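Colleague: would you be able to build a 3D model of this:
(chains A and B)
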2 protein chains.
Amino acid sequence: MKKSTFPTPQDAEAAFYEALEAGNLEAMMEVWAEDEEIVCVHPGGARLSGYDQVRESWAQFFGPGRRFKVQLSNQVVLSGMMLAVHSVHENILVPGEPRPRLPIAATNVYLRTGNGWRMILHHGSPAPQPARTGVESPKILH
Amino acid sequence: MKKSTFPTPQDAEAAFYEALEAGNLEAMMEVWAEDEEIVCVHPGGARLSGYDQVRESWAQFFGPGRRFKVQLSNQVVLSGMMLAVHSVHENILVPGEPRPRLPIAATNVYLRTGNGWRMILHHGSPAPQPARTGVESPKILH
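Modeller: Sure thing, here's the model as predicted:
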C-alpha cells in the first residue's frame, strides 16, 4: 500500500524528480502505480514493463551513488480526467561539471487512481541539441 | 479541416503506421491533431513541438524516398476517456535487409477530439536489445 498521495499530476512529477535527485528508491517507487502495465524507457535503454522490472532498473540506477540535479524546462502538459501526459526537457547538472549536459527529452504519463495520481510511463531519450523551441517561444520554420 | 475520422485510438495508430510505411505526408498529418502543443521526438532526434515543426520533420523524413515495413509488437495500452497512451515496439524491415533492425520503443498518445481521435505525441527511441518482456510473456526477475 502506498504511503504518499499526490493530489495532482504535477505533485507526482515533483516527487518523481525529487526521488531521482535523492537517489531514493522507496520514494521513487511511491510515485509509480503498482501495475503490471507500467512502462519505463531509460535514456538509451530497452523498454521495461511491470512493477518488478521498473523497480529493479531504478535500484540498479541508484546503486553507484549517482547524484545530480535536474532542472526541468519546456514543459508541455496534455491533461485528461484520468490520464495526464507531461513532456519535459530534463537538464542534468552533475557536481563538478561546469555546464548542464545535453537535455533528455522525457515523456511522463500519470494515471488518476483511487489514491491520487501515479506515474505509469516514463520515456527518456537524449535530445541531440538544445531545445530549438518550446511553447514559450515558437520558432517560424517557413 | 481534417478529412479523416478515427473512431478509436487504435484506428489512429493504424493510420499513423500506414502513412509512415507509405511515406505519405498528407496522410501522416491527417493523423495529428492541429494543435500547438503536439510533441514529436524522432529516434535520436530533438523534441519538436507544434504542428508546423512536426509537419516539417515528417516532410524531411519522407523526402529521400525511404520506404520500409513496420511490424508492431508488445503493445501496452493505457486508456482514459480523453487520452490514450500506447507503448509499442516498432520492428523496422528495410527492403534488401534480411532481418529486422533493432526495435524502436515508441510512446504514442492520442486525444479524443470533436472529430475523432488524433495523435498528439509520438516519442521514439532505439531500444538497444530485443524486447526482454512484454505483456504477452512477463519475465520473472527475482
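
Colleague: show me the shaky parts of chain A.
Modeller: Low-confidence segments of chain A, defined by pLDDT under 70: A:1, A:129-142.

Colleague: quick one: A:Asn91 from A:Gly63, how far?
Modeller: In this structure, A:Asn91 lies at 23 Å from A:Gly63, with CB to CB, to the nearest Å as the measure. All C-beta atoms are positioned from the backbone trio N, CA, C, and that covers glycine.

Colleague: for these two, work out which one has more neighbours and name it.
Modeller: Between A:Asn91 and A:Gly63, A:Asn91 has the larger neighbour count (other CB atoms under 10 Å in any protein chain shown), namely 19 against 10.

Colleague: burial count for A:Gly65?
Modeller: Applying other CB under 10 Å, we find 6 residues neighbouring A:Gly65.

Colleague: so it makes contact with A:Pro95?
Modeller: No: checked against CB atoms under 8 Å, the pair A:Gly65 and A:Pro95 is beyond contact range at 11.5 Å.

Colleague: strands of chain A, residue ranges please.
Modeller: If you assign secondary structure with DSSP state E, the strands in chain A sit at A:39-41, A:47-49, A:69-79, A:83-93, A:104-113, A:116-126.

Colleague: any chance of those strands in TSV, with distance to chain B too?
Modeller: What follows is the strands of chain A, written out as TSV (distance: least, CB to the nearest CB, whole Å):
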stretch	distance to chain B
strand A:39-41	5
strand A:47-49	4
strand A:69-79	5
strand A:83-93	4
strand A:104-113	4
strand A:116-126	4
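
Colleague: pull the longest helix from chain A.
Modeller: In chain A, taking DSSP state H as the definition, the longest helix is helix A:9-22.

Colleague: for A:Val77, list the residues it contacts.
Modeller: By CB atoms under 8 Å, 6 or more residues apart in numbering or on different chains, the residues touching A:Val77 are A:Pro9, A:Ala84, A:Val85, A:His86, B:Glu37.

Colleague: same check on A:Ser87?
Modeller: Under the criterion of CB under 8 Å, 6+ apart, the neighbours of A:Ser87 are A:74-76, A:78, A:105-108, B:39, B:47, B:49, B:121, B:123.

Colleague: closest to B:Asn24 among these?
Modeller: Nearest to B:Asn24 among the contacts of A:Ser87: B:Leu121, at 20.4 Å, using CB to CB.

Colleague: count residues in the vicinity of the closest residue to the closest one other than its chain neighbours, would you?
Modeller: Taking CB to CB, 6 or more residues apart in numbering or on different chains as the measure, B:Leu121 lies nearest to B:Val109, with 3.8 Å between them; neighbours along the chain are not counted. Other residues near B:Val109 come to 27 when the count uses other CB under 10 Å.

Colleague: can you check A:Arg67 too?
Modeller: Using other CB under 10 Å, the number of residues around A:Arg67 comes to 12.

Colleague: now it, nearest residue through space, not along the chain?
Modeller: Counting by CB to CB, 6+ apart, the nearest residue to A:Arg67 once its immediate chain neighbours are dropped is A:Gly23, at 6.0 Å.

Colleague: again, but for A:Glu34
Modeller: Taking CB to CB, 6+ apart, and ignoring the residues beside it in sequence, A:Glu34 has A:Tyr51 as its nearest neighbour in space, at 5.5 Å.

Colleague: same question for A:Glu90.
Modeller: Counting by CB to CB, 6+ apart, A:Ile104 is the residue found nearest to A:Glu90 once chain neighbours are left out, at 4.2 Å.

Colleague: ok, back up a step: can you redo the strands of chain A as CSV with distance to A:Ala27?
Modeller: Below are these laid out as CSV (distance: least, CB to CB, whole Å):
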stretch, distance to A:Ala27
strand A:39-41, 16
strand A:47-49, 19
strand A:69-79, 14
strand A:83-93, 17
strand A:104-113, 16
strand A:116-126, 12
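
Colleague: nearest to B:Val31, of those strands?
Modeller: Comparing the strands of chain A against B:Val31 with CB to CB, the closest turns out to be strand A:69-79 (15.8 Å).

Colleague: and the gap between A:Leu78 and A:Leu48?
Modeller: 23 Å.

Colleague: same check on A:Leu121?
Modeller: The separation that A:Leu121 has from A:Leu48, given CB to CB, amounts to 11 Å.

Colleague: so for the two, which sits in the more crowded spot?
Modeller: Counting neighbours by other CB under 10 Å for A:Leu121 and for A:Leu48 shows that A:Leu121 has the greater number, 28 against 22.

Colleague: how about the more buried one, what does it touch?
Modeller: Shown in contact with A:Leu121 (CB under 8 Å, 6+ apart): A:Ile38, A:Val39, A:Cys40, A:Thr107, A:Asn108, A:Val109, B:Leu78, B:Val85, B:Ser87, B:Thr107.
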